[in-house]
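**Q** sequence-free structure coming up:
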């Protein structure tokens, strides 16, 4: 009897693998070497992404060196292979802004106290590419553990909007806050039937799929020749993730609001 294919189960297995490795190193080294623990988690996500992104991309960590300044160190730096590299030592890369495809910060968890700082750092690094005369690169924040806040959807949307300062080049495109909560930026809200016509972030409740959807969005948004008919393989939530949306906030202004009772679906 042939095995029935299951894209959703496959993507959940990616998330399970990420979380399993998160605990594996902690079990071995305890709490005495958290820096090494954090570096290993970054390496795990790099390995997962390396197995899925287009072969025209390279994945490492490092710095963006622009004419008007350098970025801070980026946990995961995705670059175009057809562009030169200023410096390379193992997975450490130093590149000019034209080589940058994506910037990702990786955290075990994000708290209310440090989330603003992390997002501002990421937004500033993304803006450095745009300020150098190139289109703003895509950027994301990946957290293994849930964001412990009763109103976490609104908190995340508030902080990511504040970090942008209303500027397109400072947009953080995706946030995975633990296994269930996912945030995505849409350049045109009309494309996804949003209640904001222009640039907008949506938050989603994706049970056990937030991490996998983060990976899928990185793969999808860094591939210039993506075939939209292939979405079924990368985004397997029945009815699409817009059926699981919770809250939204526009790039320009406003406070986060819930879709429920406001024309959206849950």
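**A** Cool, got the structure. A quick note: this is a predicted structure, and the numbers were derived from the prediction, not measured.
**Q** In the chain, where's the longest strand?
**A** Ranked by residue count, the top strand of the chain under DSSP state E comes out as strand 57-66.
**Q** what mean pLDDT does the helix or strand that that strand is followed by have?
**A** Counting by DSSP states H and E, the next helix or strand C-terminal to strand 57-66 is strand 69-70. For strand 69-70, the mean per-residue pLDDT is 90.
**Q** Just grab the bridge partners of the closest residue in space to residue 49 that isn't next to it in sequence for me.
**A** Nearest non-adjacent residue to residue 49, counting by Cβ to Cβ, 6 or more residues apart in numbering: residue 59, 5.6 Å away. Every C-beta, even on glycine, is put in place using the N, C-alpha and C of the backbone. With DSSP bridges as the criterion, residue 59 is bridged to residue 78.
**Q** Go ahead and confirm residue 59 touches residue 75.
**A** No. Residue 59 lies out of contact with residue 75 (Cβ atoms under 8 Å); the separation is 10.9 Å.
**Q** and the strand or helix carrying residue 142, what other elements does it pack with?
**A** Per DSSP H and E, residue 142 falls inside strand 138-143. Counting contacts by 3 or more Cβ pairs under 8 Å, 6 or more residues apart in numbering; DSSP states H and E, strand 138-143 is packed against strand 100-107, helix 112-131, strand 174-177, helix 210-221.
**Q** mean pLDDT for these: which is lowest?
**A** Among these, helix 112-131 carries the lowest mean pLDDT, a mean of 90.
**Q** just the helices in the stretch 151-266 of the chain please.
**A** All helices of the stretch 151-266 of the chain, identified by DSSP state H, counting those that start in this stretch, fall at 152-164, 210-221, 231-234.
**Q** The biggest helix by length in the chain to strand 138-143, inter-axis angle?
**A** Taking DSSP state H as the criterion, the chain has its longest helix at helix 7-29. With axes from the mean of the first three to the mean of the last three Cα atoms, to 10 degrees applied, the angle from helix 7-29 to strand 138-143 works out at 60 degrees.
**Q** what comes into contact with helix 7-29?
**A** 36-37, 40-41, 44-45, 48, 108, 144-145, 179, 208-213, 215-216, 232-233, 236-238 (Cβ atoms under 8 Å, 6 or more residues apart in numbering).
**Q** Would you mind giving me the ChimeraX syntax to select the buried ones in those?
**A** The ChimeraX command for the buried members of these (criterion: 16 or more other Cβ atoms under 10 Å) is given here:
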select :37,40,41,44,45,48,144,179,209,210,211,212,213,215,216,236,237
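**Q** Quick check: what element follows the longest helix of the chain along the chain?
**A** Next helix or strand after helix 7-29 toward the C-terminus (DSSP H and E): helix 34-50.
**Q** so where's the stretch 51-200 of the chain uncertain?
**A** Within the stretch 51-200 of the chain, the segments meeting pLDDT under 70 span 150.
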